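Asker: Would you be able to build a 3D model of this:
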Amino acid sequence: MDATTQNARKLAAARAALRFVVPDAILGVGSGSTVNALISLLRTSELNIRGAVAASETSAAALRLAGIAVLDLNEIDSLPVYIDGADEVDADLCMIKGGGAALTREKILAHAATQFVCIVDESKCVTRLGAFALPLEVLPMAVALTLRSIERLGGTAQIRADVITDNGNRIIDARGLDFSNPSALESDLNQWPGVLCNGVFARRRADILVCAGASGIVVTGREAAQP
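Answerer: Below is the predicted model of the structure:
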């Protein structure tokens with residue numbers, strides 16, 4: 001798929017997700033190129049939202065540029081909808097996220113939201129997770145420990161060069177891990193000291209998947225027919 005086609009499909013997925021935005025409420029917004037398309041549509045749409053909570057400083061800056069108030073999650077009582085992309089998503093709506101290094105804040109907002117809407121182009125849809133490297137956000141003093149722990153599981157890992165997260169930590173990208181049970185893998189990695197977050201989104205997976213492909217938009221998931 002060429003870049004022009006992929007960008008068009010990202011925009012189509014973002015446009016299709018607008019129907020899940022709750023008017024006069026706070027919207028949760030993730031990060032990445034498909035979310036950037038969503039923010040650009042919010043800027044020109046007639047949707048009236050009270051403000052947004054962003055998963056990254058980059059998204060927050062884009063929202064402010066679009067004239068949308070950016071709030072802290074601690075300032076709000078409820079988050080009806082969170083919209084974000086994914087690096088991989090399977091048929092059960094489990095995901096790998098974190099290619100943009102915002103996985104920790106993304107996972108927090110996903111857990112805070114009543115409904116999690118994932119927007120992707122069809123290149124991100126897979127039968128089994130794991131082709132995309134799994135990101136882990138790691139406290140600096142635990143980087144070497146985490147690398148050794150991944151190797152003991154039979155995987156390989158590397159530190160993402162020149163990347164510091166919005167939380168001041170490092171990203172380790174792991175390959176070769178066992179994704180036969182994504183929820184179990186997510187839980188196991190959560191127990192490693194020094195790992196702030198891992199990019200498996202299975203315990204809190206998407207409720208709705210909006211996928212743009214060659215045949216158009218396909219919406220699947222719990223309550224997909226009604227936002």
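
Asker: and the gap between the residue lying farthest from the centre of the chain and V138?
Answerer: Going by C-alpha atoms, centre = their mean, the residue of the chain most distant from its centre is R152, 27.4 Å out. Noted for R152: a distance of 16 Å to V138, by C-beta to C-beta, to the nearest Å. All C-beta spots, glycine's among them, are computed from the backbone N, C-alpha and C.

Asker: Domain map for this structure?
Answerer: Listed domain ranges for the chain are 3-125+203-221, 134-198 (source: automatic domain parsing).

Asker: Give the rounded mean pLDDT of stretch 3-23.
Answerer: Averaged across stretch 3-23, pLDDT comes to 95.

Asker: One more: stretch 144-153?
Answerer: For stretch 144-153, the mean per-residue pLDDT is 97.

Asker: go on, stretch 93-102?
Answerer: 98.

Asker: helix or strand right after the longest strand along the chain?
Answerer: Counting residues, the longest strand found in the chain (DSSP state E) is strand 113-121. Where DSSP states H and E defines the elements, the next helix or strand beyond strand 113-121 is strand 134-138.

Asker: So which elements touch that next one?
Answerer: helix 103-112, strand 170-175, strand 195-198 (3 or more C-beta pairs under 8 Å, 6 or more residues apart in numbering; DSSP states H and E).

Asker: among those, which is nearest A161?
Answerer: The closest of the helices and strands packed on strand 134-138 to A161 is strand 170-175. By C-beta to C-beta, the value is 9.5 Å.

Asker: Show me what the longest strand of the chain packs onto, helices and strands only.
Answerer: Looks like strand 113-121 contacts helix 3-17, helix 33-44, strand 79-84, strand 208-213 (3+ C-beta pairs under 8 Å, 6+ apart).

Asker: can you pull the buried residues of that strand?
Answerer: A113, Q115, F116, V117, C118, I119, V120, D121 (16 or more other C-beta atoms under 10 Å).

Asker: do stretch 179-190 as well
Answerer: For stretch 179-190, burial by neighbour count (16+ other C-beta under 10 Å) applies to F179, P182, L185, E186, L189.

Asker: Which ones among those lie within helices?
Answerer: Those of those mapping onto helices are P182, L185, E186, L189, per DSSP state H.

Asker: what's the distance between the spatially closest residue to L71 that is not a sequence neighbour and G28?
Answerer: Once flanking residues are discounted, L71 sits nearest to G51: 4.8 Å by C-beta to C-beta, 6 or more residues apart in numbering. Per C-beta to C-beta, G51 is found 11 Å from G28.

Asker: Then R205?
Answerer: Distance of R205 to G28, given as C-beta to C-beta: 15 Å.

Asker: sorry, back to before: can you add distance to G221 and pLDDT and give the buried residues of strand 113-121 back as JSON lines?
Answerer: As requested, those are exported to JSON lines (distance: C-beta to C-beta, whole Å; pLDDT from 0 to 100):
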{"residue": "A113", "distance to G221": "14", "pLDDT": "98"}
{"residue": "Q115", "distance to G221": "10", "pLDDT": "97"}
{"residue": "F116", "distance to G221": "9", "pLDDT": "98"}
{"residue": "V117", "distance to G221": "8", "pLDDT": "98"}
{"residue": "C118", "distance to G221": "8", "pLDDT": "98"}
{"residue": "I119", "distance to G221": "12", "pLDDT": "98"}
{"residue": "V120", "distance to G221": "12", "pLDDT": "98"}
{"residue": "D121", "distance to G221": "17", "pLDDT": "96"}
